[in-house]
Structures are given as C-alpha cells and as structure tokens.
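Engineer: Generate a structure from the sequence data that follows.
(2 chains)
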Amino acid sequence: MTEPDDHRLAREAQAGDRRSFAALVERHYGFMFKVAWQWCGVREDAEDIAQEAAIKLAQHIDAFKFESAFTTWLYRLVLNTAKDYYKAKNRRNTREQPMFEDVVYASEEPSPEQKLEQKDILKALAGLPEQLKETVILVCWQGLSHKEAGDILDCPEGTISWRVHEARKKIAEYLDIQRGAKHHG
Amino acid sequence: MDEQKLKDMLAHLHAPEPEETSKNQALNGAMMAYDQKMQKKTQGVANADRLTGINNLFNNVRRNLMPNKRVLSGLMAAVSVIALTGVFLSYAVTQSGRGSGTIDRETSIIRAAQMAQMQAQPAYRKTLEEDNKRRAEYVAQSGSSALPIPIATAKEEGAEASRMPATPRADMLVEGKVAKDSDRLKSAEMAQRVQAPASNVVAGAVATPPASMNFSATLYNLQPADSIQPQYYKDEGRDKFQDVEENNVKSVAAEPVSTFSIDVDTSSYSFMRRQLNSGVLPQKDAVRIEEMVNYFDYNYALPEKGADPFQPTIAVYDAPWKQGDKIIHVGIKGYDIDTKPRSNLVFLIDTSGSMNSPDKLPLLINSFKLMLDSLSPDDTVGIVVYAGSAGTVLEPTKAGDKQKIINALEQLHAGGSTAGAEGIRQAYSLAEQALIKDGNNRIILATDGDFNVGITNPKELKDFVERKRDEGISLSVLGFGQGNYNDQMMQTLAQNGNGNAAYIDNLSEARKVLVKEASSTLFTIAKDVKIQVEFNPAMVSEYRLIGYETRHLNREDFNNDKVDAGEVGAGHAVTAIYEITPTGGAKAVDDLRYAATKEKAEVKPQADGEYAFLKIRYKEPNGDTSKLMTRPITPNDDVKFDNASDDVRFASAVAGFGQLLKGSKYAGSMTYDRVIDIGNNARGKDEFGYRAEFVSLVRLAKSAATLQPQK
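Structural biologist: Below you'll find the model as predicted:
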C-alpha cells in the first residue's frame, strides 16, 4: 500500500516541501479525476472538478490530520468539490450533457443487451439523490467497505447499509420501468 | 439487483483517461495555490502584503476566468516568473507552448463556438502559435533575468507578463462581439458540432422510449440527465412579452397621417384565452388588441375575380365606449384560392426539456397529425428537431406517405436544452432540398419560445430568417405552453419570415389554425401589406389607432417597397379600427396656439366632406413592386351602430374587451357586461362556436377581474 508514502508526502508538504506536494498531487490526480467522473459522467466536467480539487488540496493541505488514510480524506474533498461544482453550474444554467458516454469497458466489449443494461444502470445512478449516489459510488464502484464509506461520508455504517439498500431499490425500480417500457413500446 | 451484482457490473465500467493537458493544468493550478499558501505562511505579513497584487490577480482570474483553462495556464506561465524552482518553470513553459485544444464547457456556447471557429482558421492558428512561441521566449528570458533580482521587481515583471497571455483571449471576445451575424450563426453551428455529433442527437431525440419520462415521477428528483426529465417541466411567470406603449391619441393637425403594417397573427388571443381559462387575467403586455380582433373570421366583401387580392370594407359608427367619438372600421378579406400550390413543409420541432408537458409536445404532435389531413398527397413534409443539438428526423416525405410521417412524429420526445439556431439552419437546408418553385415552401417552427442556446439575440436570428425569406422560404411560428413563452422572439421571427405566429393552447385551436385556416396560414396571396390613412382636418380633429402598436410604420415607409410588412393569406380577414373625434368634438389634445392659422390649410374641393383617405399597398406573393389601392372614407360610410353588420359590431366588442384587459386609459365607458351584450347579439352564424367562446371568456375575465388586481 502507498499509505505510509502518502502520509510522509503529506507531512512534508505541510512542512513546505513543494516537491513532496507536487508528488502527492501527481500521484492522486488520476484518482481524483476518476471519482469526479464517476460522480458526473462527463470527462470534461470531471477534469474541471479534479482541477478544483487539486487547488483545494493545496489550500487545505494543513487540514489533513493523519487520522485516516489520505485517500479517505481525499474522497471527501473531491465529492464536496463535485457537489459545489454542480451547484455553481446549475446556477449558471449551462446545458446538459449526455452522461457516461465515454465509459471504457474493462475487458472485452459487452453484448448489446449488457451494454443497454449498463447504460440504464448508469442513468439510474446519475439520477440518484446526492447522498445515495455518493454512497453507491464509494461502496459499489470504488469497492470500499460500508465502514470505510461511513468514515468518508461521516455517518454510521448502518446508515451506509441503508443507503445502499435504498439506492439498489431505486435502481431496480428504474430498470423495471425501462424494461416495461421496452416491452410495451 | 443485489449489491454484488451491481458491484460486478460497475467493476467493468472504467473512467476514460483525462486529457494530458488538463492534468498538467490541474497540477500547475495546485502548485500555484500551494506556493501562494506557503508564501503567506512562511514569509509573514509584510511579504503577504507585497504579494497582494498577485493575489488579487489570481483571485480575479479564479473568479472571472477560471473556466478558461487556457488563460489560466497562460497566466501560470507568467506567474512562474516569480516561482522559484526550475521544475515548475519547465512545467509552465511546456504548458504555454502547447496551445489549447480544449474548449471549455463552462464558457458559453457562443464563445466556445467563436473560439472553435477562430482556431479553425489557419490565420488565427498561426497567430496563436506565434503568440505562444513569443510567450515562451518571454517567460524564459524574464525568468532568467528576473530570478536574481529582488522579489518586488520580479513581481512587477510577473504582473506585466501575466497580462500578455491573456491578450489573445480578450481580442477574441471583442472580435466575437462584432462578428457578423452570419458568422455567429456559423459559430453556433460549429458549437453544435463541437458539443455533439448530429448523429447522436437524432438518436437521443427519438430513440429512448417515452416511458423514461415517467421514471422520475415514480422515483425521485433527478439531476437533469440525458433523456431523463423531471416528470413534467413546469415553468412559471417567465413568459416574455415585449413591453409596448399603447397607441395614444394623435392630433390630426400635428400628425394627419397614420401608417402601419397589417398583422394577421392571432397568438395573443389564444394566450389570453388560456390565461383566462386558468382563472387569471393575462399580463397587459400579452394583450394585443389587433390580434384579438383578427382572431375571428369576418365575412367582408370579397374582391372580384382577377382584380386586387382583397377590397376594403368600411364602416363609420358611434364609438360604443365614448360618446361623441366615432369608429372607423376598415376590414379586408383576401380571396380564397381554388387550386392550392404545392407545399413543401418542414416542421421544426422544439424537443427541449421544457416541451415535456401535455400542452406542449404531445399537443404539438397531435396538431401536426391533424394538419397532415389537409395536405395534398404530393406535398412534402420534413421534420427537424432541436434540443441540445439539432437533427433531421424525417427527410422530406410525400404527404401521401402519411403513416411514415406519423411514425416519425410519434417517436419524438422531449429532452435537453434548446439549440434553436442550429435547428433553424437544418430546417432551411431541408426545405431547400425539396424546394418547389413557385410553391409554398415553409418552415413551421413549433416551440415554447426560448432559444436558450446558440443565437439568443433576436436580431441575429431575424436577419437570417429574412435572408431565407428572400430565397423563397417562409417561416411560420406556432407557440405552445406557458410559463416560458417567449412571445417577442416568436413574433419577430414570424414577422420577418413572411409568416405568421399562432399560439396553440388546445386541439381545437390547432384545428382552427392548421386545418380550417390551413390555406390562409399557408398560402400568402399578398405580401407587405401596408395601410395608410390620411385624416381630413376639416372633419376629424383627433384619431387613435387601436392596436397594431408593434406594427407602426413611418409615413415614408409606406411608399418604400424595401420596407417589409404583414402578409395576407388566402381567405384571411384583417381588421383595423380607428377611434376618431370629429371636428368640434371634445378633444384630448389641445390645439396648438401658434399653428392655429396654418391649420386652416385648404382642402382640395373634391375631398370636401371626407373623413379620411385610405391607401393600401401590397405586393403579389412573388412580386417586388407594390400596388396601390385607394378609397376615400366619407359620411356615406356612416352607419348606426345597431344597424352595423354582425361582423363590425362583434369586432368592436372584441376591441373594447381588449382595451379593458389592457387596462387602457381609453377603455372609456366600456364594461365587461356591455362587451357580453354586444358580443352575444353579434354572434351571427358562428359555425365553430368561436364567438360564443369569446363571450364566455369575457365572463371569465369579469370574475377574474373582481378577484385580482391586474399585473
């Protein structure tokens, strides 16, 4: 694990070593971008969010208290940045963009049905209320435990479990409606 | 769907790679913020003060230009002059030398478009490259010379340098502002391409089953996302109407001539009806009296075959709302055509998210289906949608192939924002494809009004529509829905596209506009129809034109064939109403003390006793030179109000009602009850019940007026 490295770099960065800070940002930019993209589903927006988050990281590096993994702290930073970004963006009333168009498939290209279902799931995910959405991203997509997600989102494990349950229910409901529509239409 | 399955599925879906340039910008931004923070922290108050200039600069940049990564990176290249390590310097220089391929999403679409366009121009590209080269050199130079000297000086240098990279951007904006309209339109088009390939769009617009709309209804509030919409789009209070001052009383001595363009639009009436039916009085600016009057069909005398396309019907009677005043009623009705020219129609349909409401897209689709019945099998119909981006849904198809058209219509669903400009462009190119010489080539734009992406300046759209009109393609506008209805935009477009604007609030209105009046809506028999009335000061001391405020023309415009005016369609009736104060009557405007003698100007003997002289100019549908019709208005036209025709009395009731709704200071003694009374007695045949409906609307207005003060 890179954890000790992260902590060391963060400590040095807090002490004013800009090389360490540069290494820290360099190391985590991809991570910040990925979380941002999972949140917003648009590469360009994710880049903006990651940039914002990197700047915030510089400004608030002192706030990291070594009580958790560095990434735990970073998750929170990126998710908050993403939320703020969209608040500001909605205020400016910019146009909507299709989401998750630029998804990359891990292994071989899935079958058309699979693709369709994946697309529907992503759409459902995109439409979830903020709390449920961030929970699903952390637990189901980032693969964190309920406990870890609870640490990041600052709530008890039980709440995370409940949120995952709620989110799954809503996603399933959405898929049912989609399927229903496809059968009837 | 259990947790594990969801995890497995998501595990296969990866994020794309971020752009290398974006990453570098983010790193630069972070380093800059870090240095700033550390300087503050380690160098104490004095130094922080000295850095204020830079700080402010930085903050301004963050506030104003943050969306533009290129400026930011350029700025960072400059600020790196005061940065202390070579690592950072090389970062910045590489960065600034790279130029920008990224167009930021946050920049407004038009700016993005301008950038895209300019970057596409080789000349600009060259400038940009040179600029970048110069900038890199400058940074390298000043970097080497600035480092050894004290930081205060370096700061100056830095500030100076920081202005440099921002320059091309500023120029661009200025250039963008003065860019020609046509360029702007092209830019909007380009922006569309940048944003999304057209093929996606069509898929986005039609492919997803309508059920997805209901999804959010049963679930929860969704972030706006592709093809997922809030159940029904609701907008309130954002209807836009041009604020127009009511025509006032003119003194014949000062202004003996009144000139205006006719107006065959009816949208104001339907909009008012809708408001009244929902229990509120319409906004005053939404009431255009001439459109209310012209909503109804009047049986004015038709011209003889082969003569002019219409002939005026005149009546002079006592004003029903002001004792002593008279009304001059001018009605014209265009002849109806026996053989329709072939039609080449392109439906340009707004499928933006705001159209997702039962009184918008679904009503629109049904309206167009109705209209198909009134077309001949040889006529062609094409469909273009716009939302987010524009796309052709149906290539021009013969109306005989009705099912194909209906299928295309039924697949439409609302989603995305409105890229009206690109939609218009595509619609015109489709119409050009199927152009019928001497036929009825027309775009029928159906929207709830707003073109909120692309060209938002009515003037620019207007010019485009005007140019296309000269190429033989007209534009009609059908308005739907309320809450976000941009009345002025629709009026402007239709007025400049040789078309008409109608507001469709229900299916029976759709039937009226698109089926019953299809020929008048679609076939122009006279264009640029202008009316000029010269009043005789010996008979009339004051006059006031009721309505037509937005159609006012200058006196000299009447004979100027270059000046565009309204169109009359086959079978269209148009009414204009003047209220006059005969000489000797109670005047609203005092006589001029010093013009008193001049006023007694001699009236030509043959004109003795005439109220006024009516002149009408019009052009044949394809003509360029106007023809003139004239007719004196004399006491022979006098008629007692009660003996006037149903049409004349009914029109006066509508005008009176319009004045009441508008809160006009000239409403005089008119009351809702009197309007009901006149209207009821002047219903005539009223085959389709429009006049009966009018009377019930007046009743609604009466009760609404007692409940609420008007906005």
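Engineer: use CA for all of it now, contacts and neighbours both
Structural biologist: Will do.
Engineer: Quick check: chain neighbours aside, which residue is closest to B:Asn554?
Structural biologist: For B:Asn554, ignoring the flanking residues on the chain, the nearest one in space by CA to CA, 6 or more residues apart in numbering or on different chains is B:Thr259 at 6.3 Å.
Engineer: in a strand, that's where the one you found is, yeah?
Structural biologist: Yes: membership of B:Thr259 in a strand is supported by DSSP: H, G, I helix; E, B strand; the rest coil.
Engineer: I'd say it and B:Lys530 touch.
Structural biologist: Yes: in this structure, B:Thr259 is within contact of B:Lys530 by CA atoms under 8 Å, at 7.3 Å.
Engineer: where's B:Ile332, which helix or strand?
Structural biologist: Element membership for B:Ile332 (DSSP states H and E) is strand B:326-333.
Engineer: Poorly predicted segments of chain A, please.
Structural biologist: When residues are selected by pLDDT under 70, those of chain A lie in A:1-4, A:89-97, A:107, A:181-185.
Engineer: Grab the most central residue of it for me.
Structural biologist: With distances taken as CA atoms, centre = their mean, A:Val35 lies nearest the centre of chain A, 3.2 Å away.
Engineer: what about the helix or strand that contains that one, near chain B?
Structural biologist: Assigned by DSSP H and E, A:Val35 falls within helix A:18-40. Yes: residues of helix A:18-40 are located near chain B by CA under 8 Å from any CA of the partner chain, namely A:Arg18, A:Phe21, A:Ala22, A:Val25, A:Glu26, A:Tyr29, A:Gly30, A:Phe33, A:Lys34, A:Trp37, A:Gln38.
Engineer: Tell me which residues are up against that helix.
Structural biologist: Outside helix A:18-40, the residues that touch it by CA atoms under 8 Å, 6 or more residues apart in numbering or on different chains are A:6, A:9-10, A:12-13, A:43, A:45-47, A:49-50, A:53-54, A:58, A:74-75, A:78-79, A:82, A:99, A:126, A:133-134, A:137, B:15, B:18, B:23, B:27, B:30-31, B:34-35.
Engineer: Tell me how many other residues crowd B:Leu592.
Structural biologist: Neighbour count for B:Leu592, taken as other CA atoms under 10 Å in any protein chain shown: 12.
Engineer: and the gap between the residue nearest to the centre of chain A and A:Glu47?
Structural biologist: Computed as CA to CA, to the nearest Å, the A:Val35 to A:Glu47 distance reads 11 Å.
Engineer: can you confirm B:Ala446 is in a helix?
Structural biologist: No: looking at B:Ala446 with three-state DSSP, it is strand, so not inside a helix.
Engineer: Which pLDDT value goes with it?
Structural biologist: Turning to B:Ala446, the model gives it a pLDDT of 84.
Engineer: likewise B:Met190?
Structural biologist: pLDDT for B:Met190: 41.
Engineer: B:Met115 too?
Structural biologist: On the pLDDT scale, B:Met115 is placed at 41.
Engineer: ok, back up a step: can you name the residues bridging to the residue nearest to B:Asn554?
Structural biologist: Beta bridges link B:Thr259 to B:Gln532, judged by DSSP bridges.
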